[in-house]
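*Asks:* this one's sequence-less:
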């Protein structure tokens, strides 16, 4: 009686488990199969611990699981043990089954009803295919697991089996009822959606039966085929006339069997205005293929009468737009003619369509017979345009050597090209601008010659300074030795003069040593790691800087290789570190940073070195001449040649050096060395 009172299929399992426990069985649970994922998991349990439920989860294809094997065999059995517990368990598979055919199978006189096939068990059941071929219903498959008590009798097991079979019969019945209910709900939803679609359409839509009687129509159709309340006599006759015309059109199309559309002139009931419609029809059929009605969509084609006026207005706008385009084209031609460089415009097939006056001098005019030199120019241009037009690049540049008739010689041009795309993303035109390289090359040649002259001057200065220093160094060494030998033999009243003489001699010796280091003939120019040179220099001066109470902070970024002399760069860093140390007699902070400064073209770039200190700084009066020779802020301790040598080495590497300094605040040196990938 409790099973009979169940209204839904999900109420069967709780009632069934309670009745099984009432028969004297200690535990019971229900495992259900998910046909979408193949997972078998508990959906109901009574007096089973959570560990049992977690361990009972398995897969439909777990062939080593005795519970799954029992389900595949569809035969109840007492298992000596299950994966989650030792001891006997009664395993009873449940599937959708019934000895009577369903309503759909009886109506269509089919024998492949899933419920009957499962009941008869005439074939080995494929649990993955539990879908009825008649009504498309997805069936269920479950397993009842019951813990067998100690000393259970056959009578107890028979009662348990009968109870489970009874529950399965009620479950199959409720499952089928719910399937019918869900189908009805889906059908109602489909009908509601169809009505919503019909009502959302601005065109009249009409559904008729096999006798051309209206079964359903949207609001747009009611304006022509349904008389509103309190309608006038003329409005009622208009509705009758519209329905008569519509029925006649449907009958005519049905008789012909080939026509699917017909033009109709209907009268709007309220306004009384005529409207021209095109009635497009499509028949409806049942499962047996019998024609059950017609779906008609009335498309309002009244607006076609206004098409001529709109077309005339569109043509007028097109003419105006053409005039605007013509003016823009004239302005563009004027700009092209006054650019000052030859300009070539080609189409998507790499054929020249436009040449400015300067380009016509190089490639000739269509109305003139080209010379042999112009033909060669055209061949070179065609080869370049073809290569660029059919490439994947949006922009390109190349060097073309063309004959210039006005100069009667060949001139090297830089061709810079870009593509113009249409609305579909296809190349429509290419624009090429030719820039004369000759003037630019002359300027570069002058810069190079000037640079070489400066390098030669610097080298000559270095050689001269080295020669003079070498010649002076020998007598200076003799003078120094003589002064050392006089130590202790000078009269007391002349000791002060002796000390001055010795100090000045040391100062002259330092200047000579500095001049000897001015000229270096090093051919070891190769790629070098700037960060490694800086780290070596800081390591070399680490102890001196620590003694001077100077904290060193280095932030070395990832840098590309630089072409140059590592020894000369080490000399530059040594001079800057020593100057920074001398400017901080009371201690301070020395910061060294490096980073890569790329260029927009991705090929060239700079390696930047920053050397900053918190020392006394450089007086403003000395800043303009700080890189000149023999200019020093150290007094007698300095020679004034360090920064001059630093600038010479940096410029010799094609680099640049900048300086910022503020008294009592510190000094910052920024060195840039070129990088070419």
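*Replies:* Right, received. Where do you want to start? This is a predicted model, so every value here is computed, not measured.

*Asks:* for the rest of this, base every contact and every neighbour count on C-alpha atoms.
*Replies:* Noted.

*Asks:* and after the helix or strand residue 93 falls within, which helix or strand comes next?
*Replies:* Residue 93 belongs to strand 85-95 when assigned by DSSP states H and E. Using DSSP H and E, the helix or strand that follows strand 85-95 in sequence is helix 103-108.

*Asks:* buried ones in that following helix?
*Replies:* Across helix 103-108, burial judged by 16 or more other Cα atoms under 10 Å covers residue 105.

*Asks:* what is the strand holding residue 93 packed up against?
*Replies:* On a contact count with 3 or more Cα pairs under 8 Å, 6 or more residues apart in numbering; DSSP states H and E, strand 85-95 meets helix 66-73, strand 77-82, strand 141-147, helix 154-200.

*Asks:* angle of that strand against strand 77-82?
*Replies:* 140 degrees (axes from the mean of the first three to the mean of the last three Cα atoms, to 10 degrees).

*Asks:* looking at the helices and strands packed on strand 85-95, which has the lowest confidence?
*Replies:* Among the helices and strands packed on strand 85-95, helix 154-200 has the lowest mean pLDDT, at a mean of 83.

*Asks:* pull the number of nearby residues for residue 354.
*Replies:* By other Cα atoms under 10 Å, 16 other residues sit near residue 354.

*Asks:* so what's it closest to, chain neighbours aside?
*Replies:* Closest residue to residue 354 apart from its sequence neighbours, by Cα to Cα, 6 or more residues apart in numbering: residue 345 at 5.0 Å.

*Asks:* now residue 143
*Replies:* That would be residue 93: by Cα to Cα, 6+ apart, it lies 4.4 Å from residue 143.

*Asks:* check what pLDDT the one you found gets.
*Replies:* If you check residue 93, the pLDDT there is 89.

*Asks:* so it sits right up against residue 75, yeah?
*Replies:* Yes. At 6.8 Å, residue 93 counts as touching residue 75 under the criterion of Cα atoms under 8 Å.

*Asks:* these two: which has the busier surroundings?
*Replies:* Neighbour count, other Cα under 10 Å: between residue 93 and residue 75, residue 93 has more, with 25 against 12.

*Asks:* please list all residues in contact with that one.
*Replies:* 70, 71, 74, 75, 76, 141, 142, 143, 144 (Cα atoms under 8 Å, 6 or more residues apart in numbering).

*Asks:* hmm, try it at 6 Å
*Replies:* Listed by Cα atoms under 6 Å, 6 or more residues apart in numbering, the contact partners of residue 93 are 71, 74, 142, 143.

*Asks:* and the third one, how many residues sit next to it?
*Replies:* Right, residue 142. 21.

*Asks:* how near is it to residue 81?
*Replies:* Distance, residue 142 to residue 81, by Cα to Cα, to the nearest Å: 19 Å.

*Asks:* same check on residue 236?
*Replies:* Distance, residue 236 to residue 81, using Cα to Cα: 83 Å.

*Asks:* then residue 392?
*Replies:* For residue 392, the distance to residue 81 - Cα to Cα - is 71 Å.

*Asks:* need the contacts of residue 93 in TSV with distance to residue 648, can you?
*Replies:* Putting those into TSV (distance: Cα to Cα, whole Å) gives the following:
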residue	distance to residue 648
71	93
74	97
142	92
143	93
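
*Asks:* out of those, which comes closest to residue 231?
*Replies:* residue 142 (64.3 Å; Cα to Cα).

*Asks:* tally of neighbours for the nearest residue to that closest one once chain neighbours are set aside?
*Replies:* Residue nearest to residue 142 in three dimensions, not counting chain neighbours: residue 32, with 4.3 Å by Cα to Cα, 6+ apart. Neighbourhood size, residue 32 [other Cα under 10 Å]: 19.

*Asks:* between strand 141-147 and the strand or helix carrying residue 32, find me the angle.
*Replies:* Assigning secondary structure by DSSP H and E places residue 32 in strand 28-34. On the basis of the same axes, to 10 degrees, strand 28-34 is oriented at 160 degrees to strand 141-147.
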